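> based on what follows, work out the 3D shape:
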Amino acid sequence: MKIYRSTHTFLILFLLISSAIFAQDYTKHTVAKGETITQIAQRYKVTPYDIYKLNPDSQKGIKENDILLVPALAKSNTPEAEKPKLNIEKPTTHTAKPKETLFSIAREYNVTVDDLRNANPFLSEGLKIGQVIRIPSNTSTTIVSTPTKTTTVTTTTTTPVKNGKAIYHTVESKETKFGIAKKYGITVAELERQNPGIVQSLPVGYKLSIGGSLTPPPTVYEVVTEKPKPTLTDKEASVIIDTETIKTVKKTGYANYEVKPKETLFSLTQMFNISEEELIRLNPHLKEGVQIGMILKVPGRGSFVKESRKGFDNLAMTTINTDRKRLVMLLPFNSDKIQGDTIKSLAARLKKDAFLNMTLDFYSGALMAIDSAKVLGLNIDVKIYDSQESKTSSNVANIVKNHNLQDADAVIGPFYQQYAETVAGLLNKDNVPVISPLSKDSVKPISNLYQAMPPADYSKSAIFDYMISKGGNIVVVSDPKKAANREFITQNYKEAKFVELSENGTLVADNLKAILVAGKMNYVVLDSEKTGMILSTTNVLLNEMANHQVQLVIIEPNETLDFDEISMKRLTILQMLYPSLSRENNSDEATFFENEYKKKNKIYPSQYAVRGFDVTFDTMLRLSQGKSFEAAAAEYRTEQVESKFDYSRKDSEGYINKGIYILQYNEDLSVKEAN
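Just a heads-up that it's a prediction; the model follows:
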C-alpha cells in the first residue's frame, strides 16, 4: 500500500524495440547435479526467460537429469538504422489486483479513467479485486528505431522506463531483491514471479521485468527525448531565465468559460453566438481539439467557470485586470556546475542528481501554470533566476541586490528553507512576499515568509482536530520508540487515552478493549512500525467490530504497511484514516492537466511537476484579485490539482499553509477524503 506518493523524476530515455524475429534451433540439455537455470542460460548465451518459455514446468524448479530444450538464437544482420517499426498494441484486459485503483490502472495503460469507465460500465459501483477490466485499444504506441536529432542527453537503461507494457530494471552491483522490490512498491515474491530466473540468485546486469506480464526484455536503443529545461544565459554573477511575458488581455465584453463533458466546437459556437473562426482566434489552443476542463475566452461578462468544491474559492472566476504584476522565481538549476559538462558527463549527472531532476520537474510544472495564466489573460510578468543552491551556499543575496527584487509583487523560492529565509529577510522592509515552495522545516518568525508546504506537526494536528470534531473516543497504541509523538500528543491532546503495554513493550489486548467506548466512534491511533504490534492491534480491532465502532488511524507515513505481512484487506475493513499533503484527483480538470502535461512533455507529471504547477498557479491567481498577495493569502482558501492552500499566520510572524487532506481507505480499495 502506498499511502504517500513516492518521488519520481522525468525519464530522459525511452525504449525502442526491434521487431525482427530470428530463426531458432533447439538443443537438448541434461541438467547436472546442482545446476541452475541461470547457469544453463549463461552457458548457452540465452536468457532464463528463453528456457522458461520452452520449458514452462521448469519455473517450479529443476533437478538432476531433467531434459530441457534450450534455444540457439541466431544473430540478426539487420543494421540498427534499418530496423523496422514496432506497433505495440495495448493489452485488452487487466485483472484488478490488491492495492490498485482506477487511477493507477489508467496511468499504467496510458488511458484516462473515463476511458476505463466507458469501457466497463460496472466500474460505477467501484473497483473490486479480481475484476477483469477491458482496456480500450483504440490507440497504440508506434516506436521507431531511427536516430532523433536533439540537444538533450540520454541516461543509461538502469533507469526504470515505462514502454506501455512493463517497466525494466537492470541489476547493478550490490543491489538486492528486497531493495529493488521496495523501490518499485512490490513484494520480493512478486518480483520473483515476474522474473523466475532470479529465484536462486540475482546476477549483476540481469534485466528485470517490473509490473508487466512475463515477457523477455526488449532490445534497447538509446533515443533522446525532450525534457523541459531552462535556457541559460550568463549575466554577471547569476543566470537569468526570462519566460515569455504574459500578454495583457482586455476583458471588457469577455468571460471565462470551462468546457464541460460532451461539448463540441459546434455546440460552443451555438451557445455563444460566435463563428468557429472567431472562437479559435480567441482561443488558439482549440486548434488541437475541444477537451474537458479547458478554460476558454468567450463573449460575455463575468465568468462561466465551474464553482470550486464547497469551502474553497475559485480564484479563476474572480480575476481582475490589474496593473502588471511582477512574479520572480528562484530555482536551483546550478548552471555554473553543468555548463562545462560534456554530453556524457551531463548524462551521468542527470542520472545521479536527484536535486537537479526535482528542479527541472518543478520548473516544467511552473511552465504549465504560466501557460494557464496566459489563457486566462492574467497581467503578470514572470522572471526566473538561477539561485545556485547547495546545502552550504547560494547566490540569492546577489540576485536580490542586482535585480531589484524589492519591486517584485511575490517571489517563489528558493528551495532550501535557509535561503528562503535569507531572501525574506532581505525583502522584509519592502514587504515582498516570499513563498517557500517545498520545505517542511520549521519557519523563522519573518512576517513576509509563506510556507507553502505544511510542516509535519500540522499534519498530526489536522488528523487529531478531525477526530475531535467528530466527537470520537481517541485511543493511542504507541510504540515505546515513538517518544516524540507521544510527547506531542500528551502536550496538545489531553483527551487522547494511551493503551498500557506489557513490560516488554507488546500490546495487551484486554487493555485496549477496556478503553473502547460503546455508542461512539473509537479512533485507534496506531503509532508503531513493528509488524507484530500492527498485526496484534488490528486483530483486536477486527474482532471488536461486532461490539464497537472502531476506525484505524495513523498520523505519519508508515513503510511497514507497504509489505505483504500487513494485508490490505484488514486496513480497508478498518477504513484507515491518515493525513496527506496531497490527494488523488480524478476530476475532469485534473485529467485535463495530466493530458496536457503529457502531450507537452511525453510523460505524466511527477509529484514535483504537479507541485510546481500548484504553487505557481495559486500564486499568480492571488496576485490577480485586485489586492496584495498578503491580503489574498489571508482571505482565500484555494485548491489546485493536488494541493490546497490555506495560509494562516504563525505566532503573528509569517504564514503557514494549513491545507491538509484527511484521507480514508474504503472497502472497494479506493482512497477518498473523509467526510
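
> okay, CA-based contacts and neighbour counts for the rest of this
Noted.

> mind listing what E288 touches?
Listed by C-alpha atoms under 8 Å, 6 or more residues apart in numbering, the contact set of E288 is empty.

> report pLDDT for it.
At E288, the model reports a pLDDT of 77.

> what are the phi and psi values for it?
For E288, the backbone dihedrals (degrees, to the nearest 10) come out as phi -90, psi 0.

> from L279, how far out is it?
E288 sits 13 Å away from L279 when distances are taken as C-alpha to C-alpha, to the nearest Å.

> the strands in the stretch 451-600 of the chain, which residues?
Here the stretch 451-600 of the chain has its strands, by DSSP state E, counting those that start in this stretch, at 473-478, 497-498, 521-527, 549-553, 577-580.

> average model confidence for stretch 580-596?
For stretch 580-596, the mean pLDDT works out to 85.

> pull out the buried positions in that stretch.
580-584, 586, 588-596 (16 or more other C-alpha atoms under 10 Å).

> list the contacts for the residue lying closest to E495 once chain neighbours are set aside?
Spatial nearest neighbour of E495, chain neighbours left out: I474 (7.1 Å); criterion: C-alpha to C-alpha, 6 or more residues apart in numbering. Residues in contact with I474 (C-alpha under 8 Å, 6+ apart) are 467, 495-497, 522-525.

> repeat that for 10 Å
Counting by C-alpha atoms under 10 Å, 6 or more residues apart in numbering, I474 touches 464, 467-468, 493-498, 515-517, 521-525, 551, 553.

> where do the helices sit along the stretch 551-675 of the chain?
In the stretch 551-675 of the chain, the helices defined using DSSP state H, counting those that start in this stretch lie at 568-573, 588-601, 607-622, 629-635.

> could those be laid out in a markdown table, adding distance to L68?
Converted to a markdown table, these look like this (distance: least, C-alpha to C-alpha, whole Å):
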| stretch | distance to L68 |
| --- | --- |
| helix 568-573 | 40 |
| helix 588-601 | 46 |
| helix 607-622 | 47 |
| helix 629-635 | 70 |
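
> so which of those is the most packed in?
Each of the helices of the stretch 551-675 of the chain was scored by mean neighbour count; the highest is helix 607-622, a mean of 24, by mean count of other C-alpha atoms under 10 Å.

> pLDDT below threshold where in the stretch 1-150 of the chain?
Applying pLDDT under 70 to the stretch 1-150 of the chain flags the ranges 1-25, 72-92, 98-99, 124-126, 137-150.

> mind listing the helices for it?
Along the stretch 1-150 of the chain, counting by DSSP H, counting those that start in this stretch, helices occupy 37-44, 48-54, 102-108, 113-119.

> quick one on the thing from earlier: and the strands of the stretch 451-600 of the chain: which comes nearest I338?
Between I338 and the strands of the stretch 451-600 of the chain, the tightest spacing by C-alpha to C-alpha is seen for strand 577-580, at 35.4 Å.

> which residues touch the residue nearest to S670 when sequence neighbours are not counted?
Leaving aside its sequence neighbours, S670 sits nearest to T101 (C-alpha to C-alpha, 6+ apart; 6.2 Å). Listed by C-alpha under 10 Å, 6+ apart, the contact partners of T101 are 107, 113, 126-129, 668-671.

> just name the closest of the buried residues of stretch 580-596 to Y26, please.
Nearest to Y26 among those is N595, at 46.7 Å by C-alpha to C-alpha.

> correct me, but that closest one touches M368?
No: with contacts defined as C-alpha atoms under 10 Å, N595 does not count as touching M368, sitting 11.6 Å away.

> take the contacts of T101 and keep only those in strands.
In strands, defined here by DSSP state E, the members of the contacts of T101 are V671.

> farthest pair within the contacts of T101?
Pairwise distances across the contacts of T101 (C-alpha to C-alpha) peak at 18.9 Å, for the pair R107 and D668.

> separation between the residue nearest to E495 and L438?
I474 sits 32 Å away from L438, going by C-alpha to C-alpha.
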